[in-house]
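Participant: Coordinates only, no sequence provided:
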C-alpha cells in the first residue's frame with residue numbers, strides 16, 4: 001500500500017480531485033482507498049506503487065478548475081488496523097458472500113478492495129489480519145478445498161503454520177499477483193496436499209529462466225501437484241509408495257524364538273526379586289565363576305545426579321587419556337567381583353510393568369537378551385522418596401547344571417526423563433495371577449534364585465501375558481494332599497488357602513513356603529486364610 005497526500009486538496013470535492021488525477025495518467029486508472037480529509041490536505045491509499053510514482057511525476061500537471069496545481073506527496077505506508085470482534089464480524093460477512101458451497105471454494109482475491117469494507121482496512125498481507133481470516137475459515141468452513149488469495153500483496157505465509165491440520169482438505173491455492181520473492185516462503189505449506197497452485201506474477205518467477213527447472217523446484221515441495229499456473233503438468237514418475245502406510249506398531253518385546261519366552265520370564269522374575277531385596281549375596285548363584293560385567297553412565301552433565309554409579313563408570317568417553325588400566329579396572333571379572341559391585345549399589349525398587357525385553361539369540365548353549373526399564377534408587381533404607389532411574393542390562397546366559405547362569409553382563413544407567421518418571425509404578429490393567437512353570441531342579445547355578453518367586457507374581461514385562469508357559473510335571477493327587485496338609489501345619493493356614501498357595505506356585509513346596517513367609521512378614525496374608 002502507498003499513502004498519497006495532496007496538499008490543500010480539502011478545498012475541493014473528492015470527485016473533482018480524483019477526476020483531475022485520472023485525466024493526467026489516462027488511460028491508466030487507480031482506485032483510492034480509505035479517503036480521509038485532514039486540515040491542510042487529503043489522504044488516501046493506492047495498491048500499485050507504480051501508479052503512485054506516476055502521479056508524483058506529473059503532479060505539476062494536475063490543475064484544478066480554479067487554476068491551482070496540486071502538490072502530491074507519496075510514502076509507503078499502511079492504514080492502522082485493530083483486529084477486534086467487530087472487525088472479525090465484518091470479515092466474516094464479506095467471506096460468506098465470497099464462499100461457493102458447491103465447490104467448497106473461497107475467493108479472497110484483492111480482499112481489501114471489497115466495497116463492503118468501505119473505510120475499514122482489511123489487508124491480508126498484515127499477519128494479524130491473515131491469522132484472523134484463517135481462524136474464521138477453520139471455525140466455519142474447515143472442509144475448504146480451494147482458496148484464492150490472488151492480488152493481496154502477500155510477501156510471506158507465516159500465518160499458514162500448521163494449516164495442514166487446520167484445513168486438511170485444502171487442495172487448490174491461488175497466490176498469483178503477490179510479492180512472494182522465493183519458494184522458501186512456501187515451505188510452511190510443504191505438508192499440505194496441494195494439487196493446483198498459482199504463483200504467476202510473483203517476484204520469485206524472475207529467479208527461474210528455465211521453465212522446466214521452475215516446475216521441478218515447485219514439484220519438489222508439492223509432489224502431488226498436477227496443475228501449476230493454469231497449466232496441466234505431465235505425470236511425475238514417483239516411487240510406488242503408499243502414502244497412507246504407517247510404521248508397524250511398536251512392541252514391548254522382541255523374541256527371536258518363542259521357546260525362550262518362559263525361560264526369560266522366570267529368570268527376570270527371580271533375578272530382580274533378589275536384586276531389590278536387602279541382601280544381594282544370593283546372586284552369587286546366578287553368575288558364572290568367570291562372569292564379566294561392566295557399568296556405564298552418560299556424560300559428566302549427569303555425574304551429580306548419578307553419584308551412586310559414577311565410580312563404576314566404564315564409559316570409554318569418560319576415561320582420561322583412554323588409559324588401558326582404567327578400562328581394565330572398571331571391568332569386573334569373576335562372580336565375587338560382580339556381586340560385590342552390585343552389593344555396593346543403593347537399595348532399589350524395580351517397576352516390572354516398565355520392562356521391555358529383546359531376546360536376540362536363543363540356542364541350547366547360549367542365550368542373549370536385553371532388558372530395559374525403570375527403578376527407584378533409595379539413598380538409604382529410611383528414604384522412601386528416591387530418584388527414578390532408567391536402566392538397560394544386556395545378559396548373556398549359558399546352561400549350568402539344571403538351569404542357567406550369567407556369563408557376561410553390560411549395564412547402562414541414566415536419570416529418567418519426565419514422562420518416564422511419571423509413569424513409574426503407575427497402576428495398569430492387571431493380568432490374572434500366573435504361577436511360575438516348574439523347571440528341572442538345579443543343584444547349583446540358579447537353584448537359589450528359583451526359590452524366590454512371589455505368590456501372585458504378575459507378568460514381569462508388558463509382553464509377559466503373551467509368553468508361553470511350558471507344561472510342568474505335576475505331582476499326583478495323593479502327593480498333593482500330603483503337601484496341602486504339610487503346608488497347613490507349617491503355615492497354620494486352613495486347607496483351602498494352603499491348596500491355593502501351592503496351586504499358584506505350581507506345587508513347588510519350597511517356593512510356596514518362601515512366598516508365604518515373605519507375605520506374612522508384610523502382613524499381606526488375609527485373616528480368612530487362618531480361619532479353620
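Facilitator: Cool, the structure landed. Note that the coordinates shown come from a computational prediction; the quantities given were computed from them, not determined experimentally.
Participant: what about the strands in the stretch 401-532 of the chain?
Facilitator: Counting by DSSP state E, counting those that start in this stretch, one finds strands in the stretch 401-532 of the chain at the ranges 403-415.
Participant: for it, what are the low-confidence residue spans?
Facilitator: Residue ranges of the stretch 401-532 of the chain with pLDDT under 70: 425-474, 510.
Participant: Going by residue numbers, what spans are helices in it?
Facilitator: Secondary structure of the stretch 401-532 of the chain (DSSP state H, counting those that start in this stretch): helices at 418-423, 477-491, 495-503, 509-521.
Participant: Those helices: which one's closest to residue 6?
Facilitator: helix 418-423 (63.3 Å; CB to CB). Where you see a C-beta, it was placed from the backbone N, CA and C, and this is true even at glycine.
Participant: Would you mark the buried spots in that closest one?
Facilitator: Buried residues in helix 418-423, counted by 16 or more other CB atoms under 10 Å: residue 420.
Participant: quick one: least confident helix or strand in the chain?
Facilitator: None of the helices or strands of the chain scores lower by mean pLDDT, DSSP states H and E than helix 324-329, at a mean of 62.
Participant: domains of the protein?
Facilitator: Domain ranges of the chain: 2-76, 85-232, 253-427+435-469, 474-532, per automatic domain parsing.
Participant: which residues touch residue 292?
Facilitator: The neighbours of residue 292, taking CB atoms under 8 Å, 6 or more residues apart in numbering as the test, are 331, 332, 333, 338, 407, 408, 409.
Participant: Counting neighbours, which of those residues end up buried?
Facilitator: 332, 338, 407, 408, 409.
Participant: Could you work out the most separated pair of those?
Facilitator: Among the buried ones among the contacts of residue 292, the pair separated by the greatest distance (CB to CB) is 332 and 407, at 13.0 Å.
Participant: returning to that earlier point: and of the contacts of residue 292, the nearest to residue 372?
Facilitator: residue 409 (13.5 Å).
Participant: So what's the residue count around the residue lying closest to the closest one once chain neighbours are set aside?
Facilitator: With CB to CB, 6 or more residues apart in numbering as the criterion, residue 409 has its nearest non-adjacent residue at 4.5 Å, and that residue is residue 293. Applying the criterion other CB atoms under 10 Å, we find 25 residues in the vicinity of residue 293.
Participant: ok, residue 47 to residue 22 distance?
Facilitator: Distance, residue 47 to residue 22, using CB to CB, to the nearest Å: 15 Å.
Participant: Revised request: answer the last question for residue 209.
Facilitator: Here the criterion is CB to CB. By it, residue 209 lies 37 Å from residue 22.
Participant: Quick check, pLDDT for residue 394.
Facilitator: If you check residue 394, the pLDDT there is 95.
Participant: Just confirm it contacts residue 361, I think it does.
Facilitator: No - Residue 394 is not in contact with residue 361 according to CB atoms under 8 Å; the separation is 11.0 Å.
Participant: between these two, which one's more packed in?
Facilitator: Applying other CB under 10 Å to residue 394 and residue 361 shows that residue 394 carries more neighbours, namely 16 against 12.
Participant: Am I right that the more buried one sits in a strand?
Facilitator: Yes - with DSSP: H, G, I helix; E, B strand; the rest coil as the criterion, residue 394 is assigned to a strand.
Participant: what bridges to it?
Facilitator: With DSSP bridges as the criterion, residue 394 is bridged to residue 370, residue 410.
Participant: residues contacting it?
Facilitator: When contacts are counted by CB under 8 Å, 6+ apart, residue 394 touches 368, 369, 370, 409, 410.
Participant: out of the domains of the chain, nearest to residue 247?
Facilitator: Of all the domains of the chain, domain 253-427+435-469 sits nearest to residue 247, with 14.9 Å by CB to CB.
Participant: could you pull out the helices for this structure?
Facilitator: With helices called from DSSP state H, the chain shows them at 14-25, 49-57, 85-98, 127-140, 163-166, 211-221, 261-275, 307-310, 324-329, 335-343, 418-423, 477-491, 495-503, 509-521.
Participant: coming back round to it: now, which of the contacts of residue 292 sits nearest residue 3?
Facilitator: Of all those, residue 3 sits closest to residue 409, with 76.8 Å by CB to CB.
Participant: and the gap between residue 263 and residue 421?
Facilitator: From residue 263 over to residue 421 the distance is 31 Å, taken as CB to CB.
Participant: Then residue 274?
Facilitator: For residue 274 relative to residue 421 (CB to CB), the value is 25 Å.
Participant: now swap in residue 526 and tell me
Facilitator: Distance, residue 526 to residue 421, by CB to CB: 33 Å.
Participant: what does residue 262 give?
Facilitator: Using CB to CB, we find residue 262 at a distance of 32 Å from residue 421.
Participant: Please apply the same query to residue 1.
Facilitator: 54 Å.
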